[in-house]
Every structure is written in structure tokens, then in C-alpha cells.
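> Coordinates only, no sequence provided:
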DNA sequence: CCGCCGATCTTT
DNA sequence: AAGATCGGCGGG
């Protein structure tokens, strides 16, 4: 199957439009990769749950970058989470990668995720996904559409998901009524819903 | 399976 | 003081 980096135009849309498009695509870091099956859309000033809700800061600056930029942030004092920035340059918006099927060098991923007792759990959750792939703050701002980039987002010809489900975003209290979480129905790599 | 709690630190 | 989380533990 031919593999091509995702085109910037495909990501130059609103987070809610881009989010379902990312389901089934592959995020790769060297020999490690994950086929995305669960994402969440985050906006800018219009979205109270977004890191970019208030103003541009040192932390969220990547959210204002051009489509295809990687936004990596640090949460809860110990975890990294990865987003695909979308929309035009200067507009804040991104899609959080919450889960997927581990691909490629599973041995390296298992070493990076010692708490995962089964491979299904390697990338099941946004911080788990980053840990498995070895993605941390040093990758913030990387260009996912550039084939020479250390982390790339590719379309490997996998068929589009048959059924996509939607629901409220996990772990957010603000704007909880927005069904901006998208996942492939019945996919075992979708993260668990936890009480917030 | 479900719920609670602590870890650990940046941002508000 | 809360946060776009996770893993371990205890109870049912």
C-alpha cells in the first residue's frame, strides 16, 4: 500500500472537521507508530475547554501555528499529550490524539510502557500513546507533513472507518455538552471513559 | 468491574 | 486550586 504524508490542505479546516478525518491515519516516530482510532477536537477563544481559550502563551503557542504542526503539552505533572494542529496559521485549533492500535516496533513500545500488561493498552489513552511512541515536549512544533520530520502523520491506504461514534470530551468540565470526541465504533484501542 | 487516591508540577 | 492522566489498590 502506498504511504503518503497527510497533505496540509486536509488539515486546513476546523478541528471538528479535521478530527474524524484523522481516524485510521498513522502517526509515526522512527520505527514506532500508531493507527489512530480516537480523537478530540479543541478550538480557540470560542472553546472554554481549550488551552487556547484565554490567550497566546508560551505553552499553547503551537496551537496557533499552521496546519500539520504537532502540539505537545505536559499535564498533571508527569504526562505528555499530542495534538495535530489544524486550521489556518494564526488561528488556534487542534485535535488531541487519544488512542490507537500500536504498529511497528512493539518491543520498543513495551519497554517504554512497562505498566501495559497487554499490547492493547500500549497506546490506549493520550498520555500512554505519547509514552509508547517516545513523544515528549522536545517534539512540540514539529511539522507532521514534512517527510523528513522525526514525527509524521501518514495515510497508508487503510480504508476509512465504517462507523464513527461521537460523544463528550473526556476529563473536561467546561463545554461538556459539545460532542467533540470521535472514535471508531467497537475499536478495542479506544480509551476507557473515566468519571470526571 | 467499579471507585478512590496519590503522584507530580505547571498554570491560573 | 485545578488540570485535555495514569496506575495501584480495595471492595463488591
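Perfect, thanks for sending it. As the structure is a computational prediction, the values presented were derived from the model and not from experiment.

> Check which helix or strand residue A:98 maps to.
Under the criterion of DSSP states H and E, residue A:98 resides in strand A:94-104.

> Ok, residue A:33 next?
Element membership for residue A:33 (DSSP H and E) is strand A:32-42.

> and that strand, what does it pack onto?
Strand A:32-42 sits against helix A:15-22, strand A:26-29, strand A:94-104, helix A:126-133, strand A:181-184, with contacts defined as 3 or more C-beta pairs under 8 Å, 6 or more residues apart in numbering; DSSP states H and E. For every residue, glycine as well, the C-beta is placed using N, CA and C.

> buried stuff in the next helix or strand after the longest one?
Going back to what we said before, that points to strand A:94-104. Next along the chain after strand A:94-104, taking DSSP H and E as the criterion, comes helix A:106-112. Using 16 or more other C-beta atoms under 10 Å as the test for burial, helix A:106-112 gives A:108, A:109, A:112.

> could you say what helices and strands helix A:106-112 packs with?
If you count contacts as 3+ C-beta pairs under 8 Å, 6+ apart, helix A:106-112 packs onto helix A:126-133.

> Hmm, residue A:156 is touching residue A:24, no?
No - using C-beta atoms under 8 Å, residue A:156 is not in contact with residue A:24, being 9.0 Å away.

> who's in contact with stretch A:178-192?
For stretch A:178-192, contacts defined as C-beta atoms under 8 Å, 6 or more residues apart in numbering pick out A:15-16, A:19-20, A:23-24, A:37-42, A:47, A:49, A:98-102, A:120, A:123-126, A:128, A:161-170.

> are any of these buried, and which?
If you count burial by 16+ other C-beta under 10 Å, the buried members of those come out as A:15-16, A:19-20, A:23-24, A:37-42, A:47, A:49, A:98-102, A:123-126, A:128, A:161, A:168-170.

> Test my guess that residue A:100 contacts residue A:39.
No - Residue A:100 lies out of contact with residue A:39 (C-beta under 8 Å); the separation is 9.2 Å.

> need the contact list for the spatially most central residue of chain A.
Per C-alpha atoms, centre = their mean, the C-alpha nearest to the average position across chain A is that of residue A:97, at 2.0 Å. Neighbouring residues of residue A:97 by C-beta under 8 Å, 6+ apart: A:22, A:27, A:34, A:36, A:38, A:39, A:81, A:82, A:83, A:84, A:126, A:129.

> Show me how far the lowest-mean-pLDDT helix or strand in chain A is from its chain's centre.
When each helix and strand of chain A is scored by mean pLDDT, DSSP states H and E, strand A:4-5 comes last, with a mean of 91. The chain centroid and the centroid of strand A:4-5 are separated by 17 Å under C-alpha atoms, centre = their mean, to the nearest Å.
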